[in-house]
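Q: Any chance you can model this:
(2 chains)
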Amino acid sequence: MKARLQTKKAFAQALGFFGLRAALGLVLLVLVFILADIGTKGAGSITWEFLSKPPRRGMTEGGIFPAIYGTLLVTFITAVLAVPLGMGAAIYLNEYAPKNRLTRLIRLSIRNLSGVPSIVYGLFGVILFVNIFKFGTSVLSAGLTLGLLTLPWTITASEEALKTVPNSYREGALALGASKWQSIRTNVLPYALPGMLTGTVLGLARAAGETAPIMFTGAAFALPILPQSVKDQFMALPYHLYIMATQHHDIAKVRPLAYGTALVLIVLVLGLNLGAVVLRYRLRRRHKRY
Amino acid sequence: MSTQFKIEAKNLDFFYGPKHALKNLNIACREKKVTAIIGPSGCGKSTFIRTLNRMNDVVPGTRVAGDILVDGASILGPRVDVVELRKRIGMVFQKPNPFPKSIFDNIAYGLRINGMAGSRDYLEEVVEKSLREAALWDEVKDRLKDNAFALSGGQQQRLCIARALAVEPEVILFDEPCSAIDPIATAKIEDLISRLKKTYTVVIVTHNMQQAARVSDDTAFLMLGELIEFDETKTIFTAPANKMTEDYITGRFG
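A: Numbering: from 1, shown residues only, chains lettered A, B, ... in the order given. Next comes the predicted model:
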């Protein structure tokens, strides 16, 4: 009887582990398939010319340099808005805001904002930045729109990172005569920073790959020249890809270039994520915790 | 009791929201003596000691009434510089809470944030002096750059004591400092407390009655937020006036 129970338990456990492994395997399989597909079909298009020259002959030839440049520029503007504002809001929410109903409501609203479809941000950006603030369809409007899209992620990730710092660090500093801000600056932020930065960079990487928020606020169908100021329109990788994959008059002809663009975009986003991992690793080592 | 009081709590009431945690306490701590606060769990010992350096200020929804005097001056009220007060009244917590920095930087932390760091030589001097005072110097002098987390629990607690001493407080509050460490480390810390009272006024919360009997000069016995008895330690432990005190110290409850 007892032996049978043991066998039954062992079987249930084996079944459970199998299910979990299968779930992981399935997810990895999809990822590997996408990467392999884009990698094999896109690698052939990657040449120095492709990376350094603008498109020619209605995008059927030439490169995607303006789109790479535009994506980097717009991501930079996104970061300028989302990083300080997001970290600041997280510090306020976690360290200063009273623990009451209003704060909980604010936090809930922020979580909900991260679930709003990106096209809604795009339309909001048109109204606010393009029309009301009169920034026009420009890198600036698009970058700020992406900044708004990224903020909820940055705030949430930063707040979670702040929560992982034990309260005893704060109290210990206060008990030694630190002011509240001193205790946060010298004894909380250094330890929360790796997590805050990781979350922020992941949010930026997501923004870099977005199409909907930029297509009405600043991204151009095709531009032979680079934006000269933040008030100019720009080309961006995700939008360029969208056009080549669905809007082009000769889709079959530009398909290799579309794959190449997808590969560059993915490498860029993976590069950002990898950068976040390296950054976190290096900061962690500086303040190693046991 | 002699009359030189460093800290006097007068008709002190404390509330966590609607909960009345301390009820009309009158406790006076003599200068350069050790005052122990004993009582069963939840009696308000830690709450009381945390009112003395206003650490309860950071807990939302709390309220305090009555008065606390340090050197005859009230420390309650909005006009008191809490940061300055906490520099004068140091605190050692229940669980050792070293910062994830080197041993040296842990001790130097208080000096740096208070603008007392001065030259590197001065800093090194204070770090050594504080570690010696906390009886930790010989164990760590060759590895001041090591992370404080590499120390044992007892060493970490002495590090926290050294860290508190470095900012030259007048009073040191101990909130059950030995509850998370082993008996040998406890003996070292008790020994240390007995020596610290030559220079500092000490208030210690403990759930360990032998500890109170060994290290303190005066003892306050609290129950459910009320002061049941407050007297010299030897009186409390040999001839308590109150039946409840007697029952508690003889281990009949608590």
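
Q: Return the per-residue confidence for the residue of chain B found nearest chain A.
A: Nearest residue of chain B to chain A (Cβ to the nearest Cβ) works out as residue B:87 at 3.3 Å. For glycine as for every other residue, the C-beta is placed from the backbone atoms N, C-alpha and C. Per-residue confidence (pLDDT) for residue B:87: 93.

Q: so which helix or strand takes in it?
A: helix B:82-88 (DSSP states H and E).

Q: Just the buried residues of that helix, please?
A: B:82, B:83, B:85, B:86, B:87, B:88 (16 or more other Cβ atoms under 10 Å in any protein chain shown).

Q: does any bit of the helix or strand just after that helix sit next to chain A?
A: Going down the chain from helix B:82-88, the next helix or strand is strand B:89-92, by DSSP H and E. Yes: counting by Cβ under 8 Å from any Cβ of the partner chain, chain A is contacted by strand B:89-92 at B:90, B:91.

Q: any idea how far strand B:89-92 is from the chain center?
A: 6 Å (Cα atoms, centre = their mean, to the nearest Å).

Q: can you check stretch A:58-75 too?
A: How far stretch A:58-75 lies from its chain's middle: 19 Å, per Cα atoms, centre = their mean.

Q: how about the residues of the stretch 1-150 of chain B that lie near chain A?
A: With the criterion set to Cβ under 8 Å from any Cβ, the stretch 1-150 of chain B comes near chain A through B:53, B:55, B:58, B:60, B:83-84, B:86-87, B:90-91, B:93, B:95, B:97, B:99-101, B:109-110, B:112-114, B:147, B:149-150.

Q: and if you look at the stretch 151-254 of chain B?
A: Counting by Cβ under 8 Å from any Cβ, the residues of the stretch 151-254 of chain B near chain A are B:160, B:163, B:164, B:167.

Q: Could you tell me which of those residues are located in strands?
A: Per DSSP state E, strands hold no members of those.

Q: Show me what residue of chain A gets nearest to chain B.
A: For chain A, Cβ to the nearest Cβ, closest residue to chain B: residue A:177, 3.3 Å.

Q: check contacts around the nearest residue to that residue once chain neighbours are set aside.
A: The spatially closest residue to residue A:177, leaving aside those adjacent along the chain, is residue B:87, at 3.3 Å (Cβ to Cβ, 6 or more residues apart in numbering or on different chains). Listed by Cβ atoms under 8 Å, 6 or more residues apart in numbering or on different chains, the contact partners of residue B:87 are A:176, A:177, B:110, B:114, B:167, B:169.

Q: is it true that residue A:213 lies in a strand?
A: No: using DSSP: H, G, I helix; E, B strand; the rest coil, the secondary structure at residue A:213 is helix, not a strand.

Q: Secondary structure element holding the residue nearest to it when sequence neighbours are not counted?
A: Computed as Cβ to Cβ, 6+ apart, the closest residue to residue A:213 that is not its neighbour in sequence is residue A:122, at 4.1 Å. Assigned by DSSP H and E, residue A:122 belongs to helix A:118-125.

Q: contact partners of that helix?
A: Here helix A:118-125 makes contact (Cβ under 8 Å, 6+ apart) with A:141-142, A:144-146, A:148-149, A:210-217.

Q: Over to stretch A:134-150?
A: Residues contacting stretch A:134-150 (Cβ under 8 Å, 6+ apart): A:70, A:73-78, A:80-82, A:85-86, A:118, A:121-122, A:124-126, A:129-130, A:133, A:203-204, A:206-207, A:210, A:213-214, A:216-219, A:227, A:230-234, A:236.

Q: Can you get me a residue count around residue B:41?
A: The tally of other residues near residue B:41 (other Cβ atoms under 10 Å in any protein chain shown) stands at 8.

Q: okay but it is in contact with residue B:205, surely?
A: No: assessed by Cβ atoms under 8 Å, residue B:41 is found out of contact with residue B:205, at 11.4 Å.

Q: as a whole number, average confidence for the helix or strand where residue B:204 lies?
A: In this structure, residue B:204 sits in strand B:201-205 according to DSSP H and E. Throughout strand B:201-205, pLDDT has a mean value of 95.

Q: Pull the distance from the very next helix or strand once past that strand to the chain's centre.
A: Downstream of strand B:201-205, the first helix or strand assigned by DSSP H and E is helix B:209-215. Helix B:209-215 sits 15 Å away from the centroid of its parent chain (Cα atoms, centre = their mean).

Q: tell me which residues in helix B:209-215 are buried?
A: B:209, B:211, B:212, B:213, B:214, B:215.

Q: quick one, what contacts the first one?
A: Taking Cβ under 8 Å, 6+ apart as the criterion, residue B:209 is in contact with B:38, B:237, B:248, B:249, B:251.

Q: again, only using 10 Å
A: Listed by Cβ atoms under 10 Å, 6 or more residues apart in numbering or on different chains, the contact set of residue B:209 reads B:36, B:38, B:39, B:219, B:221, B:236, B:237, B:248, B:249, B:250, B:251, B:254.

Q: List only buried entries from those.
A: B:36, B:38, B:39, B:219, B:221, B:236, B:237, B:248, B:249, B:254.

Q: and the residues you listed, which of them are in helices?
A: Taking DSSP state H, the ones among these that sit in helices are B:236, B:237, B:248, B:249.

Q: and the contacts of stretch A:134-150, which are buried?
A: A:70, A:73-75, A:77-78, A:81-82, A:85-86, A:118, A:121-122, A:124-126, A:129-130, A:203-204, A:206-207, A:210, A:213-214, A:216-219, A:227, A:230, A:232-234, A:236.

Q: Measure how far stretch B:227-240 is from the centre of its chain, please.
A: 20 Å.

Q: Next to chain B, which bits of the stretch 151-290 of chain A? Give me the list.
A: Taking Cβ under 10 Å from any Cβ of the partner chain as the contact definition, the stretch 151-290 of chain A meets chain B at A:165-180, A:182-183, A:185-187, A:190-191, A:287-290.

Q: quick one: which of these sit in strands?
A: Using DSSP E, none of these sit in strands.

Q: All set, thanks.
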